[in-house]
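>>> Give me coordinates for this.
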Amino acid sequence: MFIRAYLRASTQEQNAGRARESLIQFAKQHNQRIATFYVENISGATLQRPELMRLIDDSSNGDIVLVEQIDRLARLKQHDWEVLKNKLAAKRLSIVSPELPTSWLALEKKDNTGFTDSILLAVNAMMLDMLAAVARKDYDDRRRRQSQGINKARLEGKYLGRQKDMKKRQHIASLLTTGHSYSDIQDILNCSRHLIASVAKELRQKADV
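Numbering: from 1, shown residues only. Predicted coordinates:
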C-alpha cells in the first residue's frame, strides 16, 4: 500500500508542519506509513497546482492520497472538481482524510468482496462530493463577506488595503544587497519570488534616484 500525503496552505505564512505531523500520527493509528509528501502554498480555489499534478503523475494505480481535510484538496468550482475527480479516477486513487471516516476503509489490508468494494466506493464518492460542495460554499461565503467588509470600510474611509510586511521586506533587501539569490532568500525567509522581485524593484528605483 503506497500512501502519498498532500499538504496545501493558501499563503506562504501558513506552516504545513502541524498538518504533516497530524497525518503521520493518523497513519500510525491505522498501522500505515506515509511514503512521500507533496507540499505547496496555493489557493484551494484553483486547479493550477503543480505539486498536486505531480502527485497524480507520480502515482500508480490504486495508491492512496492522504489529506488532512477535504478542503485542502477541493475548494474548486464544480467543473474543476469534476476534472480533478476524473484525473484521480483514471489511476484509481483513493482519497483518505481523518475527517471522512468512510474513507478509512481504504487503509485496511483485508480484502473485501467486489460488491462490498463497490458500495464503499459509491458511499465515499458521495461523501467527497458533499464535502467538496461545502468547502466551495465556505470559500465563496468568506470571499463575499470579505468583499462586503471592504466595501463598507471604503464607504467609511477606513479601508487602507493590505499592509506591507515591512520587517520581512527589510530582511529581503538586506539579503539582496549582500548577494543572496532569490532561491536562497526563499529558503531563508519562506517568502514568494514575487515579493522578492518587488523588493528588488524598489531597491533599483532607489539606486536610480
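>>> just for the chain, where's the confidence low?
For the chain, the stretches flagged by pLDDT under 70 are 10-16, 109-124, 126-127, 130-137, 139-143, 150, 153-154, 156-164, 209.
>>> quick check: domain ranges of it?
3-137, 166-208 (automatic domain parsing).
>>> which one of the ones you listed is the most hemmed in?
domain 3-137 (a mean of 16; mean count of other C-beta atoms under 10 Å). To be clear about C-beta, it is placed using only N, CA and C from the backbone, and glycine gets the same treatment.
>>> now the helices for the protein?
17-29, 50-58, 78-90, 114-155, 166-177, 182-189, 193-208 (DSSP state H).
>>> could those be laid out in CSV, adding distance to residue 42?
CSV is the format used below for the helices of the chain (distance: least, C-beta to C-beta, whole Å):
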stretch, distance to residue 42
helix 17-29, 15
helix 50-58, 8
helix 78-90, 13
helix 114-155, 13
helix 166-177, 19
helix 182-189, 15
helix 193-208, 13
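>>> so which of these gets nearest residue 8?
The minimum distance between residue 8 and the helices of the chain falls on helix 50-58, with 7.5 Å, by C-beta to C-beta.
>>> Kindly export the closest one (C-alpha atoms) in PDB.
The C-alpha trace of helix 50-58 is given here as PDB (Å, rounded to 0.1, in the frame of the first residue of the first chain):
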ATOM      1  CA  PRO A  50       1.900  21.900  -9.700                       C
ATOM      2  CA  GLU A  51       2.500  19.600  -6.700                       C
ATOM      3  CA  LEU A  52      -0.900  18.100  -6.800                       C
ATOM      4  CA  MET A  53      -0.500  17.400 -10.500                       C
ATOM      5  CA  ARG A  54       3.000  15.900  -9.800                       C
ATOM      6  CA  LEU A  55       1.400  13.700  -7.100                       C
ATOM      7  CA  ILE A  56      -1.100  12.300  -9.700                       C
ATOM      8  CA  ASP A  57       1.600  11.800 -12.300                       C
ATOM      9  CA  ASP A  58       3.800  10.000  -9.900                       C
END
